[in-house]
Structure formats: structure tokens, C-alpha cells
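A.B. asks: What follows is a predicted protein model with its sequence.
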Amino acid sequence: MSDFTTKEQLMAQQAYIRVSERCKEADFNEYKSFALSFPSLIHSCGLVQAVAFAKAKSKDNFIEDLQAVFNAIDDAGDLQRRSREANVIEYMRISRHAISAASWIKRYCQASD
């Protein structure tokens, strides 16, 4: 039987690594609070606006983790730039992957209690 890893499993593994490291930091509760709301922020505002909001609020550590989890399945380069310049079909695909990546981060933040 061949060893097959799904995209979701790859993202879950990367999210676990990232959140495990973040939960050791002093500002983890602030990180966690932002992580819990980010998937719905993408849903309501769109990916470009959600990432811009995170950068404006100095949530660079979260964006760095989101980028790493996203890159587990698709090397996006600069997620903000790529999503801003993408055509509609590509933007929808990137947004779907970003929501999935953010959801994995959220799950592991919830489990860290």
C-alpha cells in the first residue's frame, strides 16, 4: 500500500507545529483570540481585506503561520500580493485554501486549553 497524505493532513501537520511553538509564548492568548476569529473574517470580508487587516493590527506572527500552513499544499509566495493580483477563479481557490489553513490553526488553538 502506498503512503498517501492528503492536503488537509499536510496543513494539519504544519498548523500543529506552528501553534505548538506559539503556545509557549507570553502573548499566546492574544494570538489565540485573533486565530479564532480569522476564518470568519475571511468569509465576511474576503481574503485580501482580512490579510490587510491582520497586517494593520500587527498580527505578523499569525500571517507568518497562515502562510506556512498554506505553503504546505501550495507555495503561494506572498499570500497578500498573490491574492490581490489573482483572477477570480484563482482568488476563490486561494481563499478556500486560506480558510482551510486558518481553520487548522484555529482548531489547534482551541485544543491548547
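C.D. replies: Okay, I see it.

A.B. asks: most centrally placed residue in this structure?
C.D. replies: The chain has residue 66 as the residue nearest its centroid, 2.9 Å off, counting by Cα atoms, centre = their mean.

A.B. asks: Quick check: which element contains that one?
C.D. replies: Secondary structure assignment for residue 66, by DSSP states H and E: helix 60-71.

A.B. asks: Check the offset of that helix from the chain's centre.
C.D. replies: Averaging C-alpha positions (Cα atoms, centre = their mean, to the nearest Å) puts helix 60-71 5 Å from its chain's average.

A.B. asks: From residue 84, how far off is the nearest residue to residue 80 once chain neighbours are set aside?
C.D. replies: Closest residue in space to residue 80, ignoring its immediate chain neighbours: residue 51 at 4.6 Å, by Cβ to Cβ, 6 or more residues apart in numbering. Just so you know, the C-beta spots here come from the backbone N, C-alpha and C atoms, and that holds for glycine as well. Distance check for residue 51 against residue 84: by Cβ to Cβ, to the nearest Å, it reads 9 Å.

A.B. asks: Which one's more surrounded, these two?
C.D. replies: Comparing residue 51 with residue 84 by other Cβ atoms under 10 Å, the one with more neighbours is residue 51, at 26 against 13.

A.B. asks: so residue 74 touches residue 97, yeah?
C.D. replies: Yes - Residue 74 is within contact range of residue 97, at 5.9 Å (criterion: Cβ atoms under 8 Å).
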